[in-house]
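J.: fold the stuff below for me.
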Amino acid sequence: MSAHRKNLNPRPLLSVEETALLLGETRSTLYRAVKAGTLPLPVFHIGSRIRIPRLAVENLIAGKDPGPTAPPTPPG
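T.: Next up is the predicted model:
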């Protein structure tokens with residue numbers, strides 16, 4: 001995939017490292033906030049990885065509501 005195409009369609013989920021870079025925080029600060037449940041962003045645990053929605057990060061930076069801080073619980 002070319003770099004141009006990649007820029008037009010950014011990945012919807014970010015790593016903790018990528019989120020920290022966008023927010024101007026350290027990676028360890030974000031990991032502590034995730035562990036404490038105080039990160040004001042939705043957090044998804046996929047296997048052993050932590051992912052944060054890009055749109056929520058962009059909304060937080062823009063001063064908008066980043067959305068729910070936890071994914072809805074599936075029924076059943």
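J.: helices or strands next to the one helix or strand H45 maps to in the packing?
T.: Per DSSP states H and E, H45 falls inside strand 44-46. With contacts defined as 3 or more CB pairs under 8 Å, 6 or more residues apart in numbering; DSSP states H and E, the packing partners of strand 44-46 are strand 49-53. Where C-beta positions appear, they are placed from N, C-alpha and C, glycine not excepted.
J.: quickly run through the sheet partners of the strand it packs on, with directions.
T.: strand 13-14 (antiparallel), strand 44-46 (antiparallel) (DSSP bridges).
J.: the shortest one: what's the following helix or strand?
T.: Sequence-wise, the next helix or strand downstream of strand 13-14 (DSSP H and E) is helix 16-23.
J.: between strand 49-53 and the next helix or strand after that next one, find me the angle.
T.: Following helix 16-23 in sequence order, the next helix or strand is helix 27-36 (DSSP H and E). Counting by axes from the mean of the first three to the mean of the last three CA atoms, to 10 degrees, helix 27-36 lies at 90 degrees to strand 49-53.
J.: alpha carbons of helix 27-36, in CSV - could you do that?
T.: Output of helix 27-36 as CSV, limited to C-alpha atoms (Å, rounded to 0.1, in the frame of the first residue of the first chain):
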residue,chain,number,x,y,z
ARG,A,27,3.3,6.4,27.1
SER,A,28,3.6,5.4,30.8
THR,A,29,1.1,8.1,31.8
LEU,A,30,-1.5,6.7,29.4
TYR,A,31,-0.8,3.1,30.5
ARG,A,32,-1.3,4.2,34.2
ALA,A,33,-4.6,6.0,33.2
VAL,A,34,-5.9,3.0,31.4
LYS,A,35,-5.0,0.7,34.3
ALA,A,36,-6.7,3.1,36.8
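J.: and that helix, what does it pack against?
T.: helix 16-23.
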